[in-house]
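Chemist: would you be able to build a 3D model of this:
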Amino acid sequence: MTGPRVRTNLTVSASDGSPLATDVILPPGDTSVPVILLRTPYGKNAHLGEGLGWAKAGFGFIVQDVRGRYDSRGEWCPYVHERDDGAAVLAWVVEQPWCDGSIVLIGGSYASFTAWTAALSKNPAARAVISLVPAVGGHACYGPGGVLYLASHLRWWIANAHSAIRRDELFQAMYRVDPGVLATLPVRSIGHRLWADLPTWFGPVNAGPCHVPDYAVTDDELGLLDVATLHIGGWYDGFLDRTLHQWHTAGSSLPLRPPRALLVGPWTHDLQTDRTPVHGLRHHEPQARLPLGRHMVAWLRSVLGGIAPSSHSQVYVGGAERWDTGLDWPPPTSARTWYAAPGCELRPLPASAGSDGFRYDPDDPFPSRDTPLDRHDLDARPDAVRYTSPPLVDHCEITGHAEIVLHACTDGPGTDWVARLLEVTPAGQRLFLTQGLAEDSGHAPGSIRTMRIRFGPLAVRVPAGHRICLEITSSDFPDHARNLNTGQDRYTTSATRVATQIVHHGPEHPTAITLPVATS
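Modeler: The predicted structure follows:
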């Protein structure tokens, strides 16, 4: 039996004729097969093993460097050309004798964007999209609260923009030598301290979180997309909200919705399992491991064979160490509410009136902390208030999006409120579960505001004997750009002021968290 057919560095013309370097990996023989198409800015050569795996499973695999990256020519402008280039390459693939007329668009992070834009070309050969940890256009640099992901945005821009190759080590080396670079004010002037000439890095920031560029994949387009979709995300991926949004949106406007599947596991953005042995992250256990390749192959065979269910979800539940399957996610839940109370307690019933305060200094912001590290050392910081429940009598399985209704005020003209949900173990560890952020501006200083803040998604079991903690601060730096408490633009100004922050609770101004708790 002959081996796979492999041709590397073929040239395929982009929409304007720019030569795009393309590798083709096919199963043995001369029959036509369904084809997997991946377009990436991260170097096609890294996908040889993946391509051989697809060929062994009976699929063709096409991987291409996007224009201006690695072996492809043309000008590299992140996101700008992917619609037209993807359509051109898709049209080329479908004309090849080894393509049986079925093409699957696949990609992770930026490459997920190239998959979606190619699917939107309406080429009838596009049968499915496999989207992994999507980072799609402007959504990639702003968090759900509309505040810039400062560290990750700069890290990506330094590693990828204005360069034909990826240079991850540059950011790390720069940050070791100049750890204060991310604290530079104004934010827009950080570019002068970077170890790379990046004239466009501030463009997405200047445009703002509500800007919809011409190249964006819109919800209206996703809702009308008539192809099967598989959405893969990780609980420790900063873009999980985008994965879930696309899962809920793709094909939703069609009378007959095409098959869609969701898979969320204990993975980071690199789809690696975190093996730190703490609760919710005990993923060295066999139950947490799932062979993604076999999962994707099985799903594609069911889709192309016309036997895929219309909707299917598979989600890993941390703490319970199990995979839950269903038709949709999140499943039905009941609401459990905890109220902030005097003595910095969380209580299951409304409490008497009171308030707790802290001072927030943008020049000494509350720091970000990578999960899954224990956070108990941050308890010594005075720039937060924390409300903690009694030990749980029974386990509490949180599935979906928790929400906080926050009654608070600041003596400044503007600030941020960051609410974190933590788990406190009997040993005293404080483990991050999820958080939400709200920008507070446009109100008279000292006035009490009512804010609803949605937490990030969860599927976790908090065991009996552990406690739940609500931590309220005003920064998450450097993961998010700081609010400077002046009411002025946080990205283009440098003046700061210290603000006094007050969290209110009680019958008139209750501060409370509502948890979606699994019903079975």
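
Chemist: quick check: domain ranges of the chain?
Modeler: 5-139+210-326, 148-207, 333-518 (automatic domain parsing).

Chemist: I'd say Met296 and Ala128 touch.
Modeler: No - taking Cβ atoms under 8 Å as the definition, Met296 is not a contact partner of Ala128, at 10.0 Å. No exception for glycine: its C-beta is placed from N, CA and C like everyone else's.

Chemist: who's more crowded, those two?
Modeler: Taking neighbours as other Cβ atoms under 10 Å, Met296 and Ala128 compare with Ala128 leading, 27 against 24.

Chemist: not counting sequence-adjacent ones, nearest residue to the more buried one?
Modeler: Distance criterion Cβ to Cβ, 6 or more residues apart in numbering; nearest residue to Ala128, sequence neighbours excluded, is Ala228 at 4.2 Å.

Chemist: repeat that for Ala402.
Modeler: Phe455 (4.3 Å).

Chemist: distance check, the one you found against Tyr339.
Modeler: For Phe455, the distance to Tyr339 (Cβ to Cβ, to the nearest Å) stands at 16 Å.

Chemist: just the strands in the stretch 151-300 of the chain please.
Modeler: 228-236, 260-268 (DSSP state E, counting those that start in this stretch).

Chemist: in JSON lines: the domains of the chain, plus mean pLDDT.
Modeler: Listed next are the domains of the chain as JSON lines, based on pLDDT from 0 to 100:
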{"stretch": "domain 5-139+210-326", "mean pLDDT": "91"}
{"stretch": "domain 148-207", "mean pLDDT": "93"}
{"stretch": "domain 333-518", "mean pLDDT": "95"}
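
Chemist: ranges for the helices of the stretch 1-150 of the chain?
Modeler: 48-56, 82-94, 110-119, 150-160 (DSSP state H, counting those that start in this stretch).

Chemist: pick the most buried one from these.
Modeler: helix 110-119 (a mean of 27; mean count of other Cβ atoms under 10 Å).

Chemist: A strand includes the residue nearest to Ala402, no?
Modeler: Yes - judged by DSSP: H, G, I helix; E, B strand; the rest coil, Phe455 forms part of a strand.

Chemist: need the nearest residue in space to Asp220, chain neighbours excluded.
Modeler: Distances taken as Cβ to Cβ, 6+ apart put Ser253 closest to Asp220, at 7.5 Å, once the chain neighbours are dropped.

Chemist: burial measure for that neighbour, as a count.
Modeler: Ser253 has 15 nearby residues by other Cβ under 10 Å.

Chemist: before we move on, what about Asn45?
Modeler: When counting by other Cβ under 10 Å, one arrives at 14 neighbours for Asn45.

Chemist: 35 is where my numbering starts, stick with that
Modeler: Sounds good: first residue 35 from here, last item Asn79.

Chemist: contact partners for it?
Modeler: Residues in contact with Asn79 (Cβ atoms under 8 Å, 6 or more residues apart in numbering) are Asp57, Tyr104.

Chemist: quick one: which helix or strand includes Ser528?
Modeler: Counting by DSSP states H and E, no helix or strand carries Ser528.

Chemist: now it. Nearest residue, chain neighbours left out?
Modeler: Here the nearest residue to Ser528 in space, its sequence neighbours aside, is Leu219; by Cβ to Cβ, 6+ apart that works out to 3.9 Å.

Chemist: neighbours of that neighbour, how many?
Modeler: Leu219, neighbours per other Cβ under 10 Å, totals 18.

Chemist: ditto for Pro61
Modeler: For Pro61, the count of nearby residues is 20 (other Cβ under 10 Å).

Chemist: please report how far it lies from Val40.
Modeler: Per Cβ to Cβ, Pro61 is found 11 Å from Val40.

Chemist: how about Ala453?
Modeler: For Ala453 relative to Val40 (Cβ to Cβ), the value is 52 Å.

Chemist: got a list of what the residue nearest to Asp231 when sequence neighbours are not counted touches?
Modeler: Closest residue in space to Asp231, ignoring its immediate chain neighbours: His196 at 6.6 Å, by Cβ to Cβ, 6+ apart. Residues near His196 by Cβ under 8 Å, 6+ apart: Trp110, Ala230, Asp231, Leu232, Pro233, Thr234.

Chemist: what's the answer for Ser508, then?
Modeler: With Cβ under 8 Å, 6+ apart, Ser508 has these contacts: Phe392, Tyr394, Pro399, Phe400, Asp417, Thr449, Asp450, Trp451, Val452, Asn517, Ala533, Gln535.

Chemist: repeat that with 10 Å
Modeler: Residues in contact with Ser508, defined by Cβ atoms under 10 Å, 6 or more residues apart in numbering, are 392-396, 399-400, 417-418, 442, 444, 446, 449-452, 471, 474, 516-517, 519, 533, 535.

Chemist: and for Glu457?
Modeler: Taking Cβ under 10 Å, 6+ apart, one finds 312-314, 353, 426, 430, 432, 463-467, 494-497, 500-503 in contact with Glu457.

Chemist: around the closest residue to Arg227 other than its chain neighbours, how many other residues sit close by?
Modeler: Nearest residue to Arg227, sequence neighbours excluded (Cβ to Cβ, 6+ apart): Val215, at 5.0 Å. Using other Cβ under 10 Å, Val215 has 17 neighbouring residues.

Chemist: all strands for the stretch 385-534 of the chain, in order.
Modeler: Ranges of strands within the stretch 385-534 of the chain are 388-394, 419-422, 430-444, 448-458, 464-475, 483-496, 501-507, 533-539, based on DSSP E, counting those that start in this stretch.

Chemist: reformat the ones you listed as TSV; add distance to Ala369.
Modeler: Shown next, in TSV, are these (distance: least, Cβ to Cβ, whole Å):
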stretch	distance to Ala369
strand 388-394	24
strand 419-422	18
strand 430-444	9
strand 448-458	15
strand 464-475	16
strand 483-496	14
strand 501-507	14
strand 533-539	19
